[in-house]
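J.: Okay, predicted coordinates and the sequence, questions at the end:
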Amino acid sequence: MARPGIRKHEVQKARLALIRSGRHPSIDAIRIELGNTGSKATISRYLKEIEADEGGAALPQASISAELQAIVATLAARLELEGQERLDLLRTGHAEEVRQLREAMEQVRGDVRAAKMESEHRQTELLQERTARQRVDAELEELRLEHRESLAQSSAQLAGMQDQLKSAEAHIASLDATHANAREALEHFRTASKEQRDREARQHEQQLQFLQKELATTADALSTKQSELRAALQEKAEALAQLGTARAEKRLVEEQLRELKPTAERLASQAQAIEVMRGQAELANQQYETLRARANELEQRNLELERQLAARSASAQTQDQLLHEVLARIGQAEKQVGGKPNRSKRTELK
């Protein structure tokens, strides 16, 4: 079964191979040279186009000497092979360059993806740090409120204790005045009975002891409140220390933000590098188009050289025919003159 898609240059190559081997490039011979592929109509059409490009019908095999045919076939095959090798070399170089550019682009894309993942990780850590800082600020604010409330309560309790102490002192002063009045009454009423005097003295002593006990209790309560005030002041100092720690953590977070800034700049530079790579890829495509145009020019030049070779072959054929005609005339002249010397033959020819 014929293979579809046979090309003109394949037919031309098979034809040149047949000519180089000294065989007539017929349609059947070319089809056998192509491996029994291609339709005869297609091969015939390509042969007509090739002969038209060479400037006329195919040259008769018998009119060209074997040596000239070999030279023509060798030159044509060499030109075709050199052109094909140059084209293959250019295509291979371009493919390698495109492959390298693609690998570079893939590497840059991988770097960008890694940098993006690192940036997202950094953003997550930054969000966690911000959340922790907000939580610490909220706890610190709660501690401040509790400290203010505790300080206000301690101040209120201290003021109440001071008021109670003043009341006790006033009460003691009042008792002292009462005691003095009692002494004055005793001086005025010495004649009163001794039992009444003793009873009043006992009552006075009991009241005095009671007041002294209340004074001691008030002093103890005041000491307790002072201890609580000192504890509240200690808690305030601890809260201030926690505030300092929170500020230190805030500075640490700000330093981490400054450290993340070069990463963002590196991402920007990598984006610029990607743009440069895209420009290089476009330049490579332009170079490929230039090389492709150059290959087309070389192919046209090969065809032109082949036409020139065909023209020279035709000229050589014409000269060969002229030489045969001259030799034929010489032979006829020799037959006419018979056995005359060669010198006379030359004179006659002249």
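T.: Right, received. Where do you want to start? Numbers count the residues shown, from 1 in each chain.
J.: can you pull out the helices in the stretch 101-250 of the chain?
T.: Taking DSSP state H, counting those that start in this stretch as the criterion, the stretch 101-250 of the chain carries its helices at 194-337.
J.: Okay, now the unreliable bits of it?
T.: 182, 186 (pLDDT under 70).
J.: Spatially central residue in this protein, please.
T.: If you average the C-alpha coordinates of the chain and look for the closest C-alpha using C-alpha atoms, centre = their mean, you land on Val112, 2.2 Å from that point.
J.: Give me the distance between it and Lys261.
T.: 18 Å (C-beta to C-beta, to the nearest Å). Glycine gets a C-beta too; all of them are placed from N, C-alpha and C.
J.: just Ala231 next, same as before
T.: Distance from Ala231 to Lys261, counting by C-beta to C-beta: 46 Å.
J.: what's the answer for Glu325, then?
T.: If you measure Glu325 against Lys261 using C-beta to C-beta, the figure is 96 Å.
J.: returning to that earlier point: leaving aside the residues next to it on the chain, what's closest to the residue nearest to the centre of the chain?
T.: Spatial nearest neighbour of Val112, excluding adjacent residues (C-beta to C-beta, 6 or more residues apart in numbering): Gln270 at 5.6 Å.
J.: show me where the stretch 1-150 of the chain has strands.
T.: Along the stretch 1-150 of the chain, no segments are classed as strands by DSSP state E, counting those that start in this stretch.
J.: Got the phi and psi for Arg7?
T.: Recorded main-chain torsions at Arg7 are phi -110, psi 160, according to degrees, to the nearest 10.
J.: Same question for Ala192.
T.: Here the main-chain torsion angles of Ala192 (degrees, to the nearest 10) amount to phi -70, psi 170.
J.: Tell me, how many residues neighbour it?
T.: Per other C-beta atoms under 10 Å, the neighbour tally for Ala192 reads 12.
J.: Repeat that for Arg31.
T.: The local packing of Arg31 (other C-beta under 10 Å) involves 20 other residues.
J.: now do Arg15
T.: The tally of other residues near Arg15 (other C-beta under 10 Å) stands at 23.
J.: about what we covered before: comparing Ala231 and Lys261, which residue is more hemmed in?
T.: Under the neighbour definition other C-beta under 10 Å, Ala231 and Lys261 were set side by side, and Ala231 has more, 12 against 9.
J.: Okay, Glu195 and Glu85: tell me how far apart.
T.: As defined by C-beta to C-beta, Glu195 lies at a distance of 151 Å from Glu85.
J.: Next up, the contacts around Ala168.
T.: Contact criterion C-beta atoms under 8 Å, 6 or more residues apart in numbering gives 211, 214-215, 218 as the residues in contact with Ala168.
J.: So which of the residues you listed is the closest to Ala152?
T.: Ala152 has its nearest neighbour among the contacts of Ala168 in Thr218, at 21.9 Å by C-beta to C-beta.
J.: My guess is the closest one contacts Gln162. True?
T.: No - contact criterion C-beta atoms under 8 Å: Thr218 and Gln162 do not qualify, at 10.0 Å.
J.: ok, these two, which is more surrounded?
T.: Residue environment comparison for Thr218 versus Gln162 gives the larger neighbour count to Thr218, 16 against 12, counting by other C-beta under 10 Å.
J.: Which residue, neighbours along the chain excluded, lies closest to Lys13?
T.: Sequence neighbours aside, Glu80 is the residue nearest to Lys13 in space, at 6.5 Å (criterion: C-beta to C-beta, 6+ apart).
J.: right, and that neighbour touches Asn302 too?
T.: Yes - taking contact to mean C-beta under 8 Å, the distance of 6.3 Å between Glu80 and Asn302 places them in contact.
J.: So what's the residue count around Ile71?
T.: 17.
J.: ok, back up a step: separation between the residue nearest to Lys13 and Arg301?
T.: With distances defined as C-beta to C-beta, the gap from Glu80 to Arg301 amounts to 12 Å.
J.: quick one: which of those two has more around it?
T.: Neighbours around Glu80 and Arg301, counted as other C-beta under 10 Å, are more numerous at Glu80. The numbers are 19 against 12.
J.: Which residues are in contact with that one?
T.: Glu80 is in contact with 9, 12-13, 16, 302, counting by C-beta under 8 Å, 6+ apart.
J.: any idea how far it is from Gly35?
T.: When C-beta to C-beta is the yardstick, Glu80 and Gly35 sit 19 Å from each other.
J.: got it, and Gln280?
T.: Distance, Gln280 to Gly35, by C-beta to C-beta: 43 Å.
J.: Which one's more surrounded, the two?
T.: Residue environment comparison for Gln280 versus Gly35 gives the larger neighbour count to Gln280, 14 against 9, counting by other C-beta under 10 Å.
J.: Now the more buried one. Nearest residue, chain neighbours left out?
T.: Taking C-beta to C-beta, 6+ apart as the measure, Gln280 lies nearest to Leu101, with 6.3 Å between them; neighbours along the chain are not counted.
J.: Could you give the number of residues near that neighbour?
T.: The local packing of Leu101 (other C-beta under 10 Å) involves 17 other residues.
J.: roughly how far is stretch 272-290 from the heart of the chain?
T.: For stretch 272-290, the gap between its own C-alpha mean and the chain's C-alpha mean amounts to 17 Å (C-alpha atoms, centre = their mean, to the nearest Å).
J.: if we can go back for a sec, of the contacts of Ala168, closest to Ser39?
T.: For the contacts of Ala168, the residue nearest Ser39 by C-beta to C-beta is Thr218; the value is 128.9 Å.
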